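1. Can you look at this prediction? I've put the sequence above it.
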Amino acid sequence: MTTDGPVALVTGGAGGIGRAIASRMAADGRTVVVADLDADAVRETAAAVPGPAHGVILDVADADSRRAVIATCDDLGGIDTLVNCAGVLRDARLAKLDPAAFRRLQDVNLLGPLALTRLAAVGMTRRGRGAVVNLASRAWLGTFGSTAYSTAKGGLVGATRSLALELGPHGITVNALAPGFVDTAMTDGLPPEIRRRTLGAIPVGRAGRPEDVADAVVFLTGATYVTGQVLPVCGGRSVADPYAARPRPRS
Ligand SMILES: NC(=O)c1ccc[n+]([C@@H]2O[C@H](COP(=O)([O-])OP(=O)(O)OC[C@H]3O[C@@H](n4cnc5c(N)ncnc54)[C@H](O)[C@@H]3O)[C@@H](O)[C@H]2O)c1
């Protein structure tokens, strides 16, 4: 089953952002492994991406499941690019933060991706090349009412920077993306008022699209001298004072 081309493993590859990344990786000539918990969406996505693709059902929080997806990639020739995109957003303010839900969120958004990276790094190190892109979030800087998610994404940023130091000598880059607000199933359920206020704070004047994030993944996987970085993909929200262009209230 070995392929000639490089292999990209995209976890959460059947979700909004993951699917766009998988499509771009395939269009760029990689064999794509679309790995996701949602079996129907995996089948549908693997059939739809424009290039060779394999669908694998993955629970990134489960050790056996992680080993199985790595074995599939090894059969295809080994992972060249790992995109840790699987993630969930279920959160609450401190007083309502359920410890079990907190732990599950860390397992899916932080510990699972790190364990998968550890497995993927074995083959990458042997081959002397590889790229890891972690989907963090602007939330790593802190988001009101989102302690569990911010904890996980902040942890992913710290791990990205440390692993870049450790894996750089082996020809492996490790970077993170910090998207702002991207229109996907994850953001569908936001209350209209929060959505309106969030969109109002984006300087380019629109929500992010999954393809915006995929563009950044393409850049990072091709930029072999860029490592340990956190790239905001947020329409300028990370630098702008959202009120700068508006009249300020007089006191
Ligand atoms: N949408 C945004 O505004 C936004 C902003 C910043 C960061 N992100 C991050 O981008 C990534 C993709 O998010 P999205 O917006 O495409 O959301 P999404 O809900 O559309 O996709 C997430 C995918 O992850 C999969 N998944 C969930 N748990 C999993 C598990 N245990 N194992 C494997 N797969 C699992 C889901 O089935 C789904 O297909 C996430 O890590 C998210 O935290 C999203």
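-> Looks like it arrived, so ask away.

2. Per-residue pLDDT of Pro249, please?
-> Note for Pro249: predicted pLDDT of 58.

3. Same question for Leu190.
-> 89.

4. Ramachandran angles for it?
-> phi -60, psi 140 (degrees, to the nearest 10).

5. shaky segments in the stretch 151-251 of the chain?
-> 240-251 (pLDDT under 70).

6. Could you check the longest strand seen in the chain against the ligand for contacts?
-> The residue-count maximum for a strand in the chain (DSSP state E) belongs to strand 172-179. Yes: counting by C-beta under 6 Å from any ligand atom, the ligand is contacted by strand 172-179 at Pro179. From N, CA and C alone the C-beta is placed, and that goes for glycine too.

7. ok, that strand: who's next to it in the sheet?
-> In the sheet, strand 172-179 lines up against strand 130-135 (parallel), strand 230-233 (parallel) (DSSP bridges).

8. Nearest to the ligand among those strands would be which one?
-> strand 130-135 (4.0 Å; C-beta to the nearest ligand atom).

9. Need the residues that contact the helix or strand following that closest one.
-> Moving toward the C-terminus from strand 130-135, the next helix or strand (DSSP states H and E) is helix 147-167. Here helix 147-167 makes contact (C-beta atoms under 8 Å, 6 or more residues apart in numbering) with 84, 89-94, 97, 101-102, 105-106, 109-110, 113-114, 117, 121, 124-125, 130, 132, 134-137, 139-143, 173-176, 178, 227-230.

10. Close to the ligand: what parts of the stretch 1-150 of the chain are there?
-> 11-12, 14-18, 36-38, 41, 58-61, 85-89, 108, 135, 137.

11. Tell me the buried residues within those residues.
-> Those of these that meet the buried threshold are 11-12, 14-18, 36-38, 41, 58-61, 85-89, 108, 135, 137, by 16 or more other C-beta atoms under 10 Å.

12. Sticking with Ala120, tell me its helix or strand.
-> Short version, using DSSP H and E: Ala120 is in helix 112-127.

13. From the chain's centroid, how far away is that helix?
-> Relative to its chain's centre, helix 112-127 lies at 16 Å (C-alpha atoms, centre = their mean, to the nearest Å).

14. how much does that helix deviate in direction from strand 130-135?
-> Relative orientation of helix 112-127 versus strand 130-135 (axes from the mean of the first three to the mean of the last three C-alpha atoms, to 10 degrees): 170 degrees.

15. hey, C-alpha coordinates of helix 112-127 in CSV?
-> C-alpha atoms of helix 112-127 as CSV (Å, rounded to 0.1, in the frame of the first residue of the first chain):
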residue,chain,number,x,y,z
GLY,A,112,-4.2,13.3,22.5
PRO,A,113,-2.4,15.5,20.0
LEU,A,114,0.8,15.4,22.0
ALA,A,115,0.7,11.6,22.2
LEU,A,116,0.0,11.4,18.4
THR,A,117,2.9,13.8,17.8
ARG,A,118,5.2,11.5,19.8
LEU,A,119,4.3,8.5,17.7
ALA,A,120,4.5,10.4,14.4
ALA,A,121,7.9,11.9,15.4
VAL,A,122,9.5,8.4,15.5
GLY,A,123,9.2,7.9,11.7
MET,A,124,9.8,11.6,10.9
THR,A,125,13.1,11.4,12.9
ARG,A,126,14.1,8.3,11.1
ARG,A,127,13.5,10.0,7.7
